[in-house]
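> Prediction below, plus the sequence it came from.
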There are 2 protein chains.
Amino acid sequence: MSSSEIETYRAKREAFINDDRSLRRENIWNQQRTEAEIKADSTLRKLRDYEASTIWKEESESILHPFPGMEFLTGRSIIVRTRIYQILSKMPKGALLHAHLDATVDQDKLLKLALKHPAMHVRVPEVVTAKNITSILPTFKPLPLSEYADGPGVTDQTYNPDTFVSIQKARSTFDPNLGGPEGFDKWVCSTMMINPAEAYGTHNTITKIWKKFASTFMVSTGLIRFVPVFTEYIREFFMSSIEDGISYVEPRINFMERYMVGEDGHQHVPHREWLIIFERVLDEVKAEMKRQGREDDFIGAKIIYSTLRFYTAKELVWYTEDCIALKKEFPHLIAGFDLVGDENVYKPLIDYLEPLQSFRRRQQEESVDIPFIFHAGETMGDGTTADMNLYDAILLGTKRIGHGFSIVKHPKLMELCREKGIALEVCPISNEILRLTSSMPMHPLPIMLNNGIPVALSSDDPGTFGHMGLTFDYYQVLVSSEITGLSTLGAIARDSIEFSMMTDNEKQRAMTNWEKRWKEFIEGILSLELAN
Amino acid sequence: MSSSEIETYRAKREAFINDDRSLRRENIWNQQRTEAEIKADSTLRKLRDYEASTIWKEESESILHPFPGMEFLTGRSIIVRTRIYQILSKMPKGALLHAHLDATVDQDKLLKLALKHPAMHVRVPEVVTAKNITSILPTFKPLPLSEYADGPGVTDQTYNPDTFVSIQKARSTFDPNLGGPEGFDKWVCSTMMINPAEAYGTHNTITKIWKKFASTFMVSTGLIRFVPVFTEYIREFFMSSIEDGISYVEPRINFMERYMVGEDGHQHVPHREWLIIFERVLDEVKAEMKRQGREDDFIGAKIIYSTLRFYTAKELVWYTEDCIALKKEFPHLIAGFDLVGDENVYKPLIDYLEPLQSFRRRQQEESVDIPFIFHAGETMGDGTTADMNLYDAILLGTKRIGHGFSIVKHPKLMELCREKGIALEVCPISNEILRLTSSMPMHPLPIMLNNGIPVALSSDDPGTFGHMGLTFDYYQVLVSSEITGLSTLGAIARDSIEFSMMTDNEKQRAMTNWEKRWKEFIEGILSLELAN
């Protein structure tokens, strides 16, 4: 074979590969990469190779089979020791577009917030013992002063099952054999999180892990839906997001409960008050950022109004009307509407065809516009109702798709998303822990990227999964593909801004700020002293 | 919402879904399904639903999380109890296009074949004990009469490590504490198979499971590459394939070793003799089928010449020349050429660009045509060398792709395969056991089907994985998708014939016979008495 034949082959091959990758968004965003970005990308790739063959090869008793992109809950302790992780923690992430507010704060921080309040009480269905501590769930509830309860603690043999005791008392009297007060904290946090033994052992199917997952919310909601905790919870969410380089958030708030518990311990605080609190904290955080001269590092936050996909079509109308009322009062805060809950179990979107179409008409009557931003296709199923939700989400005009995990099976749907600019909110770590994929190398993200669908990486429920911010998600994505590099991450971050519900003006501010920080980020990588 | 609006929506939705599925091969093969097929399809779907909610919901100590399409080695015992499995065992399967000859027979049958021969000997690196029996590997070798060895058995404390003892003696003297002769059989078979504890526990990564996988061949090859065993092995492969409803096979034979051991115990039997044996057995089986009046139930067999992808480009030339010589002598038997071995570890196709192109030229000079039928993309990798093999396989003109697991990431490659008719040899159970996918619902097959790529389901290494025939593979595919139904299975079987290397005349015979049996199969389903 002559060298010119080889050259011809190689040229043809390169064109073939480029053609296959031509739809990727980094090519669209970034046709002319700077020299610095090319260099930093190369640095990052080398470091990735190096760590793949060093730190990720170290087998141990506790981690039998380490590899880049492995099960997050097992590999987390390795991830945090890598240089790549440290580098990515500095990356400007753009917007966080898919996160459920009730799981956006470290659970031990949530517990600390709740512990400040004498009104917060706890009950359990039986005395907590060494035997039942791994399965028993606490129920939290703030009580009015007149009902404050100071009976025996939950590990006390005289504890009367299902009676409330103050959280402070329950903690201080927690059986020393179960770890005392720290044991209490550990136990409560474990009921609000998923651990590796559950995800990869006892609950290693979609159905089982969703049961555990749902139970974490049963516990945490009791702590969060209390005005003073809720207030500080939101603040903590904003602050930790900013800390991780996120400059805008669009959380889904679950409005299922019509009232939150007020400072007085009575459950009478309506949804509009929730938004007033949200806005007040938002303004305070913005003011603080301005004070620090970092005004443009945090553009703000909007809310995707969410309720559960198990209501009847008729029951849903109360929520759509509620959503319209909130939109009218807080037009700048309500960014969209969604239905949440396990798609594999609850009702498909098509069951809500009528109320959702009426919702659209009612919006026109009220001169508001509340885009659908539906969860759809969060499933391994092929042709199951959860998978079929993708057709309806798109037909109903969804602006983005929450997850869209199963869309990779659907050539026409991918084409449509690409052409109409329907972004996917992809939550790699959530998908893996909820057993849609057993590890990152099996995640369908590369298919989405090669098909040119805009993607916004998201954390979904970082409080429950223990991966605050977006650094861990970016990490898992970067280390499990040889094609994905720095420019891919940049394109994803840019898309998260582009496909957010910010106003054009906000987007422009966010993008300008992001580009500036991206440049600094790249310079930071180039200034690193790396061993190899 | 008016009923006409709902109707409009539903019509639009249906068109949307149909459009999304329009490329599926069942639509192309079978635009007018018979009433009987439609009815049988519905029966099968109902039965699938029924079994999904009954037999697949029964949790037990040994199977904690059963579900349709679960890990094969764990779920096998449930599968064989299902009606769907019994039904599919009767299905006419068409052609088997991807199987490595050395793993196409039940390992205990192989052992029985070998035990007949006093020439067959075995050695181990140390005395086999209760402690090492799960890790120690036997080496088998037929010896010439003058070297027959009758020393102490392999569990005897006086056994001299690494010395040969006759297999019959080793078996008859096997320590009763290790199970005696049956214990010997069990041990030997375990070294030639993968068990669930290995696949899903100790060896639960691609790298580790491939080590175990490769070791099974080290053991079995010693038994198979002996003329009298080889002869009966091929016969058993043909007969068991026929039994499962397969009417044509195209095994890959590994020609790495230049000589096989002859009846006389000397390793001097060249490749052309292997083909003479292959052909003789083939003719005998055909004659037997004719005698039974089932001539068209077995059209025959051809060989894909395979060698390993770890040779140097220079070393490869010996094999390509050998392949040409065999093709000239046995034009009807040599169907193609392939390189085998773990793509994630060994050389990529691009490393063989020169010898492969020279191979093409040499074929022209010798007036033969030996199509490439390459393994490619048998990987989870994204942009890794194994993934990149797909570009080269296609550029080099491969007729089909062995596995092509990672092709779903490549929109242009899928388009090309669809348009040029490059079929994928998809091996679901192999992929799962070799940890490319953790269960069938995560397998990319639905993506391939929706993109209209021809697919031939294949078993790869059924001897090693314990899933003889194609029934298990069809089972796993049928139960893990709501879209896949009887007509999908039919399209896959038809494609296996269409994309085989049979001559046009053979294909026509195969297809006519298949259509007749397909009709009978459908009638069989309709005549079943099902509980629900």
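Cool, the structure landed.
> Every contact and neighbour count from this point should use C-alpha atoms.
Will do.
> Give the closest residue to residue A:438 in space, chain neighbours not counted.
residue A:432 (5.7 Å; Cα to Cα, 6 or more residues apart in numbering or on different chains).
> so how far is chain B from the one you found?
12 Å (Cα to the nearest Cα, to the nearest Å).
> What is the neighbour count of that residue?
Residue A:432 has 20 neighbouring residues, counting by other Cα atoms under 10 Å in any protein chain shown.
> Just the element for it, please.
Under the criterion of DSSP states H and E, residue A:432 resides in helix A:428-433.
> Mind listing residues that contact that helix?
Residues from elsewhere that reach helix A:428-433 (Cα atoms under 8 Å, 6 or more residues apart in numbering or on different chains): A:71-73, A:199, A:437-440, A:443, A:457-461, A:465, A:472-473, A:476-477.
> Show me what the residue nearest the centre of chain A is bridged to.
With distances taken as Cα atoms, centre = their mean, chain A has residue A:460 as the residue nearest its mean C-alpha position (1.9 Å). Beta-bridge pairing for residue A:460 (DSSP bridges): residue A:99.
> looking at it, it is touching residue A:102, isn't it?
No - using Cα atoms under 8 Å, residue A:460 makes no contact with residue A:102, being 10.1 Å away.
> Tell me which residue in the stretch 151-300 of chain A sits closest to chain B.
residue A:205 (6.8 Å; Cα to the nearest Cα).
> for that residue, what are its contacts?
A:434, A:435, B:65.
> rerun at 10 Å
Contact analysis of residue A:205 by Cα atoms under 10 Å, 6 or more residues apart in numbering or on different chains lists A:198, A:199, A:433, A:434, A:435, A:436, B:64, B:65, B:66, B:67, B:70.
> As TSV, those with distance to residue B:401, neighbour count and secondary structure would be great.
Converted to TSV, those look like this (distance: Cα to Cα, whole Å; neighbours: other Cα atoms under 10 Å in any protein chain shown; DSSP: H, G, I helix; E, B strand; the rest coil):
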residue	distance to residue B:401	neighbour count	secondary structure
A:198	39	16	helix
A:199	35	25	helix
A:433	33	27	helix
A:434	33	26	coil
A:435	30	25	coil
A:436	27	22	coil
B:64	36	16	coil
B:65	34	22	coil
B:66	32	20	coil
B:67	30	23	coil
B:70	26	23	coil
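> Can you redo these as JSON lines, where the extra columns are pLDDT and distance to residue B:168?
Below are the contacts of residue A:205 laid out as JSON lines (pLDDT from 0 to 100; distance: Cα to Cα, whole Å):
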{"residue": "A:198", "pLDDT": "96", "distance to residue B:168": "48"}
{"residue": "A:199", "pLDDT": "96", "distance to residue B:168": "48"}
{"residue": "A:433", "pLDDT": "98", "distance to residue B:168": "51"}
{"residue": "A:434", "pLDDT": "97", "distance to residue B:168": "52"}
{"residue": "A:435", "pLDDT": "96", "distance to residue B:168": "48"}
{"residue": "A:436", "pLDDT": "96", "distance to residue B:168": "49"}
{"residue": "B:64", "pLDDT": "87", "distance to residue B:168": "40"}
{"residue": "B:65", "pLDDT": "89", "distance to residue B:168": "42"}
{"residue": "B:66", "pLDDT": "95", "distance to residue B:168": "41"}
{"residue": "B:67", "pLDDT": "96", "distance to residue B:168": "42"}
{"residue": "B:70", "pLDDT": "97", "distance to residue B:168": "39"}
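> quick one: the strands in the stretch 151-300 of chain A?
Remark: strands assigned in the stretch 151-300 of chain A by DSSP state E, counting those that start in this stretch are A:165-166, A:246-249, A:252-254, A:259-261, A:267-270, A:300-301.
> In terms of secondary structure, what does the fifth one contact?
Where contact means 3 or more Cα pairs under 10 Å, 6 or more residues apart in numbering or on different chains; DSSP states H and E, strand A:267-270 is packed against strand A:259-261.
> Put the alpha carbons of the helix or strand bottoming out on mean pLDDT in chain A into PDB.
Lowest on mean pLDDT, DSSP states H and E among the helices and strands of chain A sits helix A:25-29, with a mean of 91. In PDB, the C-alpha atoms belonging to helix A:25-29 read as follows (Å, rounded to 0.1, in the frame of the first residue of the first chain):
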ATOM      1  CA  ARG A  25     -23.000  21.500  20.000                       C
ATOM      2  CA  GLU A  26     -19.400  22.400  20.700                       C
ATOM      3  CA  ASN A  27     -19.000  22.700  16.900                       C
ATOM      4  CA  ILE A  28     -21.900  25.000  16.700                       C
ATOM      5  CA  TRP A  29     -21.000  27.200  19.700                       C
END
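> The contacts of helix A:428-433 in helices, which ones?
Of these, the ones assigned to helices by DSSP state H are A:72, A:73, A:465, A:472, A:473, A:476, A:477.
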